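Student: coords please:
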Amino acid sequence: MTANDFANQIGYGVYDLEFTKKDGSLRKMRATRQFQLIPQDKHPSGSKEVTTGKGSVPVFDLDLNEWRSVIVDNIISMKEA
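Tutor: Numbers count the residues shown, from 1 in each chain. Purely as a prediction, here's the structure:
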């Protein structure tokens, strides 16, 4: 899956992600890019690129209520929540 494909898919709902972080540890996250589910004060100001760095995509962590980046190649599983 490409970074753009991932960004588009996660933009239409909430997904449970499991992936390997840069430090090698395992991370689970309930994430979205669907703006209706993200608090207004957390919406990005201005335009942002879909990808940042090498294949990473900013997603909103619904449990932490913060933006995080996910490297698409490090995703182990992704299922609709």
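
Student: hang on, Val70 packs against Leu17?
Tutor: Yes - between Val70 and Leu17 a contact is recorded at 6.5 Å, counting by C-beta atoms under 8 Å. From N, CA and C alone the C-beta is placed, and that goes for glycine too.

Student: okay, and the common contacts of these two?
Tutor: Met29, Ala31, Val59 (C-beta atoms under 8 Å, 6 or more residues apart in numbering).

Student: and the second one, what does it touch?
Tutor: So that's Ala31. Ile10, Val14, Tyr15, Leu17, Val59, Phe60, Asp61, Leu62, Arg68, Val70.

Student: what does Pro39 give?
Tutor: Pro39 makes contact with Asn65 under the criterion C-beta under 8 Å, 6+ apart.

Student: how far away is it from Arg27?
Tutor: 22 Å (C-beta to C-beta, to the nearest Å).

Student: circling back: what's the closest of the shared contacts of Val70 and Leu17 to Phe6?
Tutor: Val59 (8.7 Å; C-beta to C-beta).

Student: Output stretch 69-81 as CSV - backbone C-alpha positions only.
Tutor: What follows is stretch 69-81, C-alpha atoms only, in CSV (Å, rounded to 0.1, in the frame of the first residue of the first chain):
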residue,chain,number,x,y,z
SER,A,69,2.9,9.9,12.0
VAL,A,70,2.7,6.3,10.8
ILE,A,71,5.3,4.9,8.4
VAL,A,72,3.1,2.9,6.0
ASP,A,73,5.8,0.2,5.4
ASN,A,74,5.8,-0.6,9.2
ILE,A,75,2.1,-1.3,9.4
ILE,A,76,1.5,-4.9,10.6
SER,A,77,-2.3,-4.8,10.6
MET,A,78,-5.1,-2.4,9.8
LYS,A,79,-8.8,-3.1,10.4
GLU,A,80,-11.8,-0.9,10.4
ALA,A,81,-12.9,-0.2,14.0
